[in-house]
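Novice: quick one, fold the following:
(2 chains)
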Amino acid sequence: DTGVSQNPRHKITKRGQNVTFRCDPISEHNRLYWYRQTLGQGPEFLTYFQNEAQLEKSRLLSDRFSAERPKGSFSTLEIQRTEQGDSAMYLCASSPSLGQGNYEQYFGPGTRLTVT
Amino acid sequence: AQRVTQPEKLLSVFKGAPVELKCNYSYSGSPELFWYVQYSRQRLQLLLRHISRESIKGFTADLNKGETSFHLKKPFAQEEDSAMYYCALSLNILTGGGNKLTFGTGTQLKVEL
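Specialist: Next up, the predicted model:
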């Protein structure tokens, strides 16, 4: 296991198109998080999963965004009808769940989205 | 709502000089504070957390609840310390916090020879 992986690493799309990103967490981690990072800013929380349950969504996550983690393993983040303001780095992180002692979040390399 | 402030976007120091990266937070409860670091072309990684009270790569950070600060310090900067540093806050997971992180805007540390 080489850590959290994300695909694709880069995505260029035209405004109005749909895009989907994938995140594969560290295999024994129950929690999975999505963050978005724009230029000059720190990562901003979008949503997180405990196994397959989506437990919290940020107000940043408009109805054009949807995330899933169908079997409690990998997760996908879909953006419909992309806008130029969606251009950002999308980061995924995973961590053990409550009760396993270490809550450190391990981050993936990110997917850089450019909407033209 | 919780908030993390890092007032400096860029901090430039000479090798061997002391380093202090400032971080202030606002939250009325008992948060957990972290420092994350991102070296060039690498992913974001945890540097240290206040609850561990340990020194990592010569860095330390003390949580000051009175001043709501969690400044990162190192007595002698090294060239390899050059990186982007993010202060982050998480609500106490034991009291129901979801462990999501709220990040500051980051400080780019540049150590010059």
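Novice: so what's residue 12 bridging to?
Specialist: You didn't pick a chain, so chain A it is. Taking DSSP bridges, one obtains residue A:114 as the residues bridged to residue A:12.
Novice: correction: the question concerned chain B.
Specialist: Applying DSSP bridges, one finds that residue B:12 bridges with residue B:110.
Novice: near chain B, which residues of chain A?
Specialist: By the rule CB under 8 Å from any CB of the partner chain, the part of chain A lying against chain B is A:3-4, A:31, A:33, A:35, A:40-45, A:48, A:55-56, A:91, A:95, A:98, A:103-110. Backbone N, C-alpha and C define where each C-beta goes, glycine included.
Novice: endpoints of stretch A:74-91, how far apart?
Specialist: End-to-end span of stretch A:74-91 (CA to CA, to the nearest Å): 14 Å.
Novice: who's in contact with residue 70?
Specialist: This is for chain A. Residue A:70 sits next to residue A:52 when contact means CB atoms under 8 Å, 6 or more residues apart in numbering or on different chains.
Novice: that's the wrong chain, I wanted chain B
Specialist: Residues in contact with residue B:70 (CB under 8 Å, 6+ apart) are B:23-25, B:33, B:35, B:50, B:61-64, B:87.
Novice: rewinding a little: could you identify the buried members of the residues of chain A next to chain B?
Specialist: Buried residues within these, counting neighbours by 16 or more other CB atoms under 10 Å in any protein chain shown: A:4, A:31, A:33, A:35, A:42-45, A:48, A:91, A:95, A:98, A:103-110.
Novice: just to revisit the earlier point, dump the contacts of residue B:70 into TSV; add pLDDT as well.
Specialist: As requested, the contacts of residue B:70 are exported to TSV (pLDDT from 0 to 100):
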residue	pLDDT
B:23	98
B:24	97
B:25	95
B:33	91
B:35	96
B:50	83
B:61	94
B:62	88
B:63	89
B:64	90
B:87	97
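Novice: residue of chain A nearest chain B, please.
Specialist: Among the residues of chain A, residue A:42 lies closest to chain B, at 3.1 Å counting by CB to the nearest CB.
Novice: ok, now how distant is residue A:7 from residue B:61?
Specialist: Shown here: residue A:7 relative to residue B:61, a distance of 34 Å by CB to CB, to the nearest Å.
Novice: between these two, which one's more packed in?
Specialist: Neighbours of residue A:7 and residue B:61, each counted by other CB atoms under 10 Å in any protein chain shown, are more numerous for residue B:61; the result is 27 against 14.
Novice: report the beta-bridge partner residues of the more buried one.
Specialist: Beta-bridge partners of residue B:61, as defined by DSSP bridges: residue B:72.
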